[in-house]
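[1] No sequence on hand, only this structure:
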């Protein structure tokens, strides 16, 4: 059965597999807040474990905003978990109350166990915005300063660890500035931003990236809503959809380009922030996402069961026979 909590909304998630156990870390907020749009500002990170991506053992809250004034005392949003350098590493997005949550930064915590406890590395701050490459917040540019959703590869490439994140470039039309940012580190602690690996031109933002290799090519899933598509992109796809798609590249450092079509989109948005995972039951790739709008148009706030995918000729698509309506 799907991952659903009676007392919490859950949405963006990230995955770590170890010893046959499937670990999900997800954003969560108490349903007692009433309006689900308030969930982003009443957020913590939860943990659930499964053997099959279907039956879940919810382990509770494992991380949240700093308790005192800090760069991450307002929110702790989407991230990733890896094991390297003898420890588990949690990378996450943070905002602070003093800035009304408008400026995002990337944080880092570690643990000796995948079950925690997670302790911030220093004050937790791993990466702040580098204005040489990425857009600062200013009135009329965008609704926030995008520097979030870090996805860190567990293995070094050319002697460095690599982080990918969502951001916006400094120039170009408003809805063409969304990029996949990039930073490197020799030790997972000291990070340096570099130029984006996907330079944009298609969307105002790309959220929740997931970067992985498959059959010698590289894929980067992302999600966005059609209101943030560039005009030319909407024109090519009948006005656009909201959901999950992916970029493709021959090298993780790019150049990246959107794959043809759109993997899993709808109007209104039905599923969002999808990840491509290996289904331990079938041994094949699948898509998991959080359920956004239900039949009544209200926010659902739970995760889907694995949705079968077909991978043919280097492209993903939903399995038309097995995918749920």
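    Ah, there it is. In this text the structure is predicted, and so the values were computed from the model without any measurement.

[2] Name every strand pairing with the host helix or strand of residue 310 and say which way it goes.
    If you go by DSSP states H and E, residue 310 is part of strand 307-312. Strand 307-312 has these partner strands in its sheet, going by DSSP bridges: strand 285-293 (antiparallel), strand 315-318 (antiparallel).

[3] Which positions in it come out as buried?
    Residues of strand 307-312 classed as buried under the neighbour-count rule (16 or more other C-beta atoms under 10 Å) are 307-309. Just so you know, the C-beta spots here come from the backbone N, C-alpha and C atoms, and that holds for glycine as well.

[4] Same list (these) but as a markdown table, adding pLDDT and distance to residue 34.
    Output for those, formatted as a markdown table (pLDDT from 0 to 100; distance: C-beta to C-beta, whole Å):
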| residue | pLDDT | distance to residue 34 |
| --- | --- | --- |
| 307 | 96 | 30 |
| 308 | 97 | 36 |
| 309 | 97 | 36 |
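
[5] ok, the residues you listed vs residue 53, which is closest?
    residue 307 (10.5 Å; C-beta to C-beta).

[6] I'd say that closest one and residue 318 touch.
    Yes: the criterion here is C-beta atoms under 8 Å, and residue 307 meets it with residue 318 at 6.5 Å.

[7] joint contacts of the two?
    Residues touching both residue 307 and residue 318 by C-beta atoms under 8 Å, 6 or more residues apart in numbering: 264, 287.

[8] As a check, name the ranges of all helices in the stretch 151-300 of the chain.
    Listed in chain order, the helices found in the stretch 151-300 of the chain under DSSP state H, counting those that start in this stretch are 231-236.

[9] quick one, what contacts the residue minimising distance to the centre of the chain?
    A centroid search over the chain (C-alpha atoms, centre = their mean) returns residue 208, at 2.2 Å, as the residue closest to the centre. Taking C-beta under 8 Å, 6+ apart as the contact definition, residue 208 lies against 12, 78, 149, 166, 221-223, 273.

[10] show me where pLDDT drops low in this structure?
    Low-confidence regions of the chain, defined here as pLDDT under 70, cover residues 1, 320-325.

[11] and with 80 instead?
    1, 139-140, 320-325 (pLDDT under 80).

[12] Around residue 171, count how many other residues there are.
    Here the neighbour count serves as a burial measure; for residue 171 (other C-beta atoms under 10 Å) it reads 9.

[13] if I look at the nearest residue to it once chain neighbours are set aside, how far off is residue 221?
    Of all residues not flanking residue 171 in the chain, residue 177 sits nearest, at 7.5 Å (C-beta to C-beta, 6 or more residues apart in numbering). Distance of residue 177 to residue 221, computed by C-beta to C-beta, to the nearest Å: 20 Å.

[14] ok, now residue 77?
    Going from residue 77 to residue 221 by C-beta to C-beta gives 17 Å.

[15] Likewise for residue 119?
    Distance from residue 119 to residue 221, by C-beta to C-beta: 29 Å.

[16] which of the two has more neighbours?
    For residue 119 versus residue 221, the count of surrounding residues by other C-beta under 10 Å is larger for residue 221: 24 against 12.

[17] hang on, isn't that one packed against residue 214?
    No: at 11.3 Å, residue 221 and residue 214 do not qualify as touching, with contact defined as C-beta under 8 Å.

[18] what's near enough to touch the residue nearest to residue 220 when sequence neighbours are not counted?
    With sequence-adjacent residues excluded and distances taken as C-beta to C-beta, 6+ apart, residue 220 is closest to residue 247, at 4.2 Å. In this structure, residue 247 makes contact with 180, 198, 206, 219-220, 222, 256-259, judged by C-beta under 8 Å, 6+ apart.

[19] Quick one: neighbours of the closest residue to residue 83 other than its chain neighbours, just the number.
    Using C-beta to C-beta, 6+ apart and skipping the chain neighbours, the partner closest in space to residue 83 is residue 154 (6.5 Å). Neighbouring residues of residue 154 were enumerated by other C-beta under 10 Å; the total is 14.

[20] wait, residue 154 sits on residue 82?
    Yes: contact between residue 154 and residue 82 holds when scored by C-beta under 8 Å: they sit 4.0 Å apart.

[21] list the contacts for residue 319?
    Neighbour list for residue 319: 307-310 [criterion: C-beta under 8 Å, 6+ apart].

[22] let's go with 10 Å and repeat that
    With contacts defined as C-beta atoms under 10 Å, 6 or more residues apart in numbering, residue 319 is in contact with 284-287, 307-310.
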